[in-house]
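# okay, here's the prediction I keep looking at, along with the sequence it came from:
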Amino acid sequence: RLPFVCLYMAFLAAVYTDSVPADVYPVISLSVAVLFTAARAPQILLNFKQGHTGQLSLVTYGLNVFGNMARLATTALQVGDPFLIGTVVAIMSTNLTL
């Protein structure tokens with residue numbers, strides 16, 4: 001864990017000291033969507049293979065979907081960045097699939 005924490009701290013330091021060019025930010029945003037989708041893919045495949053979601057609560061699932069829709073709305077209205085909106089849509093679609 002410590003190497004990942006150190007890497008993350010170095011990344012934050014680079015971002016907050018303006019060492020990262022502005023044209024790299026969309027790539028960072030899209031990489032979050034790719035990593036999140038890759039992390040959820042095994043669970044989605046397992047759910048399809050088993051034919052059910054196991055112990056997934058309908059209430060928790062509904063709150064998760066509602067939270068994703070709220071995040072999409074606030075991101076679209078306040079930020080308007082298409083890359084960030086694409087990231088939110090990708091994350092929301094994997095959560096809906098689950």
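Received the coordinates, thanks.

# contacts made by stretch 42-56 with the rest, please.
94, 97-98 (CB atoms under 8 Å, 6 or more residues apart in numbering). Bear in mind the C-beta positions are built from the backbone N, C-alpha and C, glycine included.

# residue boundaries of the helices in the chain?
For the chain, the helices defined by DSSP state H cover 2-16, 25-50, 58-74, 82-97.

# using CSV, list the CA coordinates for stretch 48-57.
Extracted C-alpha coordinates of stretch 48-57, given in CSV (Å, rounded to 0.1, in the frame of the first residue of the first chain):
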residue,chain,number,x,y,z
PHE,A,48,-24.2,-12.6,-15.3
LYS,A,49,-22.6,-16.1,-14.9
GLN,A,50,-24.4,-16.8,-11.6
GLY,A,51,-27.7,-15.2,-12.8
HIS,A,52,-28.1,-13.1,-9.7
THR,A,53,-26.4,-10.4,-7.7
GLY,A,54,-26.2,-12.3,-4.4
GLN,A,55,-26.7,-10.1,-1.4
LEU,A,56,-27.1,-6.8,-3.3
SER,A,57,-29.8,-4.8,-1.6
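
# model confidence over that stretch, on average?
Here stretch 48-57 scores 84 as its mean pLDDT.

# quick revisit: from the contacts of stretch 42-56, which is closest to residue 66?
residue 98 (14.6 Å; CB to CB).
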